[in-house]
Each structure stands twice: as C-alpha cells, then as structure tokens.
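*Asks:* structure, please.
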Amino acid sequence: MIKALKANYIITSKSRILQDSSVIIEEDKIKDIVPNKLVSKNKYKTINLKNAILMPGFINCHTHLELNWTQKLIEPFSTFPLWLKQIIELKRKKITKKVLVNSVIDSINESINSGVTTIGEISSYDGVDFKPLKKSGLRVVYFYEFTNSTYGNLNKKFFTDLLEESKNDMFELRIFPHSLYSLDTNKIKKLLRLAYKKKLRVAIHLSESIDEVSLTKGKSNGFNEIIFPMIKNKPKIEIINSTPLKLLDEINIEDLDIALVHMNNLNKGDRKILNKKQYSVIICPRSNMFLNQKLPDLDYLLRKKEVGIGTDGLSSNFSLDFLEELKFLYLSSKNIIKKNLEENIINKATIDGARALGIEDKVGSIEKGKKADLIAFEIRNSNPYLSIINSNKKDLMMTMVNGKIIKLR
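*Replies:* I've put the predicted structure just below:
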C-alpha cells in the first residue's frame, strides 16, 4: 500500500520548507508531496509524525567502521605521523574476524541512531564489513581501499564479485587509493585508469596533514622520518615541489571526478584547481581536531555545493554520532559565515553530501522520483534547520531507507 508521511515541517533540501504537508511513498520512491488536508486515510497507509520535522536522510560521506575496535587503544600523540604509526602497529596485530565484524555492527547501529541513511565506507580488511553493511538496510557507497601492500587485491575474486554487486541499487562500489603517501604514484595512475575503464568513481585522503604537503614539496616531513622506515615496500612518490592536490591533478589524466577527503591545507593554487575541475570535497571536522590538525578553509568550502561531511572512524573521533558532527561544524563556522549557516549545514549533510558522492540523482533531497531515504526529528526550535542541528539521538523519531522503515520511535 502507498504510504503517506505526515509532518509539521518538511525540509526538502531544495531551499524550501513546507508546513503541514505529507510525503507520499510508493514502494522505494517519493511519489508526491501534498498538503496534509489532501491525504485520504482510505487511499494511503498514513504515518502521522506529530510535532516532527521530516527531511532527507543524513549522508555520512566518509567512515572507517572496521576501526571501531582501535578507539580504546590509541595513546596520546602530538603529530599526525605519530598517530598513523599507532594505526599501522595496531592493524598489524592479529585481530579476529569476530572483533572486526562486531566493530562494524556497533558502528552501523550508532550511525542509524543518529539519522544516517547513506554511508560512505572505506573497506580495508578484505571485505569484512561487506555482509554487515548489506544486512543493515543502509544505502552503501563502498570504497575499496588500496595501499602498496593491498594493491594485489585487484586480482582477487572478491573484488570482481564486488563489481557485480555494484549493480545493486543499494550498493555502489568505488575505488579508494588510500593516499599519495601510501601508494606508488604509478599505482595510483593505474587505479585511476581502472576506474575510468570500469566507470567507477574515486575518492582519496588528501592534504590531511602539513606533513603530506611537505612530502610532495620535497621538504622534511614525518612520513620520511617516522612512517616509511616502518614499511618494507616504501611508496615511490613523485616530488613536484607543490601541493598534494597539484600532484593528484597532474596524474588525473582521465579528468575523473574524485572526492577529496579532508583537504585541510588549501592554498590559492588549490582553490583555482577546485574552481576549475569537478573535484568534490569531504570534510571531517571533528577528526581534524582529534588529530591536532587545523580545520579546512570553511569560508571557502562551505560555499561550494560539492562538499559533504564525514565522521571518519573511531580511531580519529570520539563517536560516529552524525548530529555531533553537525553541531561541531556549526559552532566552528558561526563567526565565518553569517548568512543562512543553519540551512547550509543541513544541505552539506544531505544534498551536498549526495553531490560529493555522485548520488544526487537518487537521494539528498525530497523530490518526486527520488529514493525514499527520509528521517524525522521531534521539533526543538522554531527554526527547523537549527532544530535539527540542536537535536540529539533521542529526538530521532523515524528512519526510512529505500521506502522501508528501519527505525521507528
């Protein structure tokens, strides 16, 4: 039966807020948006979300769900390379599949409980996160990670199976070269060619630390001093005396749309590249603070449409609560952007996040024909945008993905 979701407010993420209206759902798609008075109880299965704001589901563009288990083991550190050293050492330990799977399941539950309907997951443990994500009911953008040590996974059956699985409407495979400092530059070029050939989108960690900028400029950096001595297969990296984005842009000869994760260190030349090319950016503000990094150029990035938000993983954050990410970003931006900041933040969490992942044709806004990925929150403020930012997990009333309710209070 066709469903009607009735709410006091509907945030469409298309610069419109509707009052006393209903979203009509047929199977997995949005069929229409109509005033509540036109909703017939005989025609629709009506779900009356009283005192509620209905909106597109949150899109967490960047996560490492498998690394939940590392959170309690991270010791204090002073620099990004010293943190990365700990991660490398922890990942070398023999961790049981059960521990990894439970990490993923716990992370999925925390994500759903904070209103996330689409997750951009970085997979680095030979697909241990695949089955839990498939069973979760979430929409999944699955980034298969490559480093020098895992580059050979291209030839594994699991990767070819993922290519077939990506034809599933709820699951999209992507290529994820981990970073410029963890792969030979030539291998990154080959991965970009593969993505072009298979018509797969790409993302990469980029300009996350000042050490990475120093690396591509050929200056003293923590990777040469701390990380590379730990690695048998030291990456062969092109040194161009410029920024990481400049290097990536030079090797991106196929001119692919690449999602750049973090981008904390932007200069004038980088902004010119971003203005000219179709790169998107995914910011992870709380992770940046956790790792003793500066925040990205919010004054520039928050004004762009192809910019989404990620929580990153629990190895570099205190929680995967997406609402906490929005609060932190809002407070960090209040003195930078004076006009329509609340709406801007909600757009970054929905339609702009969809643009960053290249799925804006499916989700991110409430429009006829789009997938029914929706969430509802109890009203906490007369400004619907600020009400959402001010919400906590207890205020979440409903989560729907692909027309199916996966959480109802």
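*Asks:* how far off centre is stretch 226-235?
*Replies:* When C-alpha coordinates are averaged (CA atoms, centre = their mean, to the nearest Å), stretch 226-235 and its chain have centres 28 Å apart.
*Asks:* mind exporting it as PDB, just the C-alpha atoms?
*Replies:* Output in PDB follows, covering the C-alpha atoms of stretch 226-235 (Å, rounded to 0.1, in the frame of the first residue of the first chain):
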ATOM      1  CA  ILE A 226      58.600   8.000  11.100                       C
ATOM      2  CA  ILE A 227      56.300   6.100   8.700                       C
ATOM      3  CA  PHE A 228      58.500   5.000   5.800                       C
ATOM      4  CA  PRO A 229      61.100   3.300   8.000                       C
ATOM      5  CA  MET A 230      58.300   1.100   9.300                       C
ATOM      6  CA  ILE A 231      57.200   0.000   5.800                       C
ATOM      7  CA  LYS A 232      59.000  -2.700   3.700                       C
ATOM      8  CA  ASN A 233      57.500  -1.600   0.500                       C
ATOM      9  CA  LYS A 234      58.200   2.200   0.700                       C
ATOM     10  CA  PRO A 235      56.000   4.100  -1.700                       C
END
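*Asks:* for K368, grab the count of nearby residues.
*Replies:* By other CB atoms under 10 Å, 11 other residues sit near K368. For the C-beta atoms, the positions are set from N, CA and C on the backbone; glycine is no exception.
*Asks:* which residues touch C61?
*Replies:* 120, 141, 259, 282, 308-310, 353, 356-357 (CB atoms under 8 Å, 6 or more residues apart in numbering).
*Asks:* go on, Q71?
*Replies:* Q71 sits next to 314-315 when contact means CB under 8 Å, 6+ apart.
*Asks:* just say helix, strand or coil for it.
*Replies:* The local conformation at Q71, judged by DSSP: H, G, I helix; E, B strand; the rest coil, is helix.
*Asks:* okay, it: pLDDT?
*Replies:* Per-residue confidence for Q71 comes out at a pLDDT of 94.
*Asks:* helices of the stretch 201-350 of the chain, start to end?
*Replies:* Using DSSP state H, counting those that start in this stretch, the helices of the stretch 201-350 of the chain run over residues 210-216, 222, 244-251, 268-276, 285-290, 298-301, 322-333, 341-349.
*Asks:* hmm, who's touching the last one?
*Replies:* In this case it means helix 341-349. For helix 341-349, the external contacting residues (CB under 8 Å, 6+ apart) are 11, 13, 15, 55, 58-59, 302, 305, 307-309, 322, 326, 329-330, 333-334, 337, 383, 385-386, 388-389.
*Asks:* could you tell me the angle between that helix and helix 322-333?
*Replies:* In terms of direction (axes from the mean of the first three to the mean of the last three CA atoms, to 10 degrees), helix 341-349 departs from helix 322-333 by 130 degrees.
*Asks:* what do you get for the third one?
*Replies:* For helix 244-251 against helix 322-333, the angle between stretch directions is 110 degrees (the same axes, to 10 degrees).
*Asks:* got the angle between helix 244-251 and helix 268-276?
*Replies:* Taking the same axes, to 10 degrees, one finds helix 244-251 and helix 268-276 inclined to each other by 50 degrees.
*Asks:* average model confidence for helix 244-251?
*Replies:* Across helix 244-251, the average pLDDT comes to 97.
*Asks:* which residues does G358 contact?
*Replies:* Residues in contact with G358, defined by CB under 8 Å, 6+ apart, are 201, 257, 259, 280.
*Asks:* from those residues, which single one is nearest P229?
*Replies:* P229 lies nearest to A259 out of the contacts of G358, by CB to CB, at 30.7 Å.
*Asks:* against R286, how distant is the closest one?
*Replies:* Separation of A259 from R286 (CB to CB, to the nearest Å) stands at 19 Å.
*Asks:* please say which of the two ends up with more neighbours.
*Replies:* The neighbour count for A259 versus R286, taken as other CB under 10 Å, is higher for A259 (28 against 23).
*Asks:* so the more buried one versus I10, what's the distance?
*Replies:* For A259, the distance to I10 equals 29 Å [CB to CB].
*Asks:* cool, and K134?
*Replies:* 30 Å.
*Asks:* when those two are compared, which one has more neighbours?
*Replies:* Higher neighbour count among K134 and I10: I10, with 27 against 15, using other CB under 10 Å.
*Asks:* in the longest strand along the chain, what's buried?
*Replies:* The longest strand of the chain (DSSP state E) is strand 45-56. Residues of strand 45-56 classed as buried: 46-47, 49, 52-56 (neighbour count, 16 or more other CB atoms under 10 Å).
*Asks:* ok, then the element right after it?
*Replies:* Next in sequence after strand 45-56, counting helices and strands by DSSP states H and E, comes strand 58-63.
*Asks:* next SSE downstream of that next one?
*Replies:* Counting by DSSP H and E, the element after strand 58-63 in chain order, helix or strand, is helix 80-91.
*Asks:* and the next helix or strand after that next one, how far from the chain's centre?
*Replies:* If you walk from helix 80-91 toward the C-terminus, the next helix or strand you reach (DSSP H and E) is helix 97-113. Put simply, helix 97-113 sits 16 Å off its chain's centre (CA atoms, centre = their mean).
*Asks:* which other helices and strands contact helix 97-113?
*Replies:* On a contact count with 3 or more CB pairs under 8 Å, 6 or more residues apart in numbering; DSSP states H and E, helix 97-113 meets strand 58-63, helix 130-136, strand 404-408.
*Asks:* which positions in the last one come out as buried?
*Replies:* For strand 404-408, a neighbour-count test (16+ other CB under 10 Å) marks 405, 407 as buried.
*Asks:* sheet partners, orientation included, of it?
*Replies:* Sheet pairing of strand 404-408 (DSSP bridges) gives strand 396-401 (antiparallel).
*Asks:* quick revisit: and the helices and strands packed on helix 97-113: which comes nearest G222?
*Replies:* Shortest separation from G222 across these is recorded for strand 58-63, at 22.3 Å, computed as CB to CB.
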